[in-house]
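>>> got a predicted structure here, sequence first:
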There are 2 protein chains.
Amino acid sequence: MKAVTRITFFDDNEEKFFGEGPCRLLHAVETTGSLRAAALSMNMAYSKALRILKNAEKALGFPLTERVTGGKNGGGSSLTPEGKEWLKRYEDYRDACVQANRRLYLDFFPEQR
Amino acid sequence: MKAVTRITFFDDNEEKFFGEGPCRLLHAVETTGSLRAAALSMNMAYSKALRILKNAEKALGFPLTERVTGGKNGGGSSLTPEGKEWLKRYEDYRDACVQANRRLYLDFFPEQR
DNA sequence: TGCCGTTGTATTTTTAAAACTATAACGAAA
DNA sequence: TTTCGTTATAGTTTTAAAAATACAACGGCA
């Protein structure tokens, strides 16, 4: 038995716009340089990946990725500086929460090892 | 914008067995005295409510509810002492996590009011 | 100009979860 | 022994999310 903490960000319309899925997607974009390749690498439909990004960027008010279409290799996607910053902040906060909750778990459920 | 913390309990097979849904269901059983009425009150199918309870009870290894069938008023359901104890512990832990994460939020996102 | 692999958009199809339906079993009490 | 409203189970239907598909647009480059 174990307790799992999930952190989700909601916009002002109570719609969720960021969590583990978008986080992993951004990392995949960072390593592949392409939104399509990123989606493929996590077995996600491209249309879903694009929707996730548009949704998050709209809620945040700034672009997480720069997506260029056409050109040398057909184009590609990369993280904007604000995107990298947001991603780091999200992960730092999430990690802090997970760690804090793990400590609390030991307090409330001491018998579970 | 706001960050929401969700706590979910998983069994040894990585299957989730307890969270906010089951928690609310137990409260509804407590107040209605019937699993059917509890499910109705939260617009949940009875079959789903029963599945949730069976699933959780199997993972925990003890009954959360005593469900009696037949009898004076057709029967009914109530929380077992262990059920009440588990419910309280879950809620105390969840509340502690939420509170801790709210504090952390102020640290990591100070500009968001 | 034609080619390439991407982004972007729209639509259809698939899938899994949820909801619904029907029915049996139960047991106290009248 | 009949009635009642519940628990319990199985099967069907509905629904919404996810996935898949198709195709246009883009813009360096040979």
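Cool, got the structure.
>>> check what pLDDT the closest residue to DNA strand D within chain A gets.
Closest residue of chain A to DNA strand D, CB to the nearest atom of the strand: A:Gly70 (2.3 Å). All C-beta spots, glycine's among them, are computed from the backbone N, C-alpha and C. What the model reports as pLDDT for A:Gly70 is 85.
>>> where does it fall, phi/psi-wise?
phi 80, psi -180 (degrees, to the nearest 10).
>>> can you name every helix or strand that the longest helix belonging to chain A contacts?
In chain A, assigned by DSSP state H, the helix with the most residues is helix A:81-108. Contacting helix A:81-108 under the criterion 3 or more CB pairs under 8 Å, 6 or more residues apart in numbering or on different chains; DSSP states H and E are the following elements: strand A:2-10, helix A:20-32, strand B:2-10, helix B:81-108.
>>> so is the longest one next to DNA strand D?
Think helix B:81-108. No - when contact is scored as CB under 7 Å from any atom of the strand, no part of helix B:81-108 falls within range of DNA strand D; the minimum is 13.4 Å.
>>> what about that helix, distance to the chain center?
In terms of CA atoms, centre = their mean, to the nearest Å, the centre of helix B:81-108 is found 13 Å from the chain centre.
>>> which parts of chain A sit against chain B?
Those residues of chain A that sit near chain B, judged by CB under 8 Å from any CB of the partner chain, are A:1-12, A:16, A:59-60, A:89, A:92-93, A:96-97, A:100-101, A:104-105, A:107-109.
>>> what subset of these is buried?
Listed as buried from these are A:3, A:5, A:7-11, A:59-60, A:93, A:96-97, A:100-101, A:104-105, A:108-109; burial here means 16 or more other CB atoms under 10 Å in any protein chain shown.
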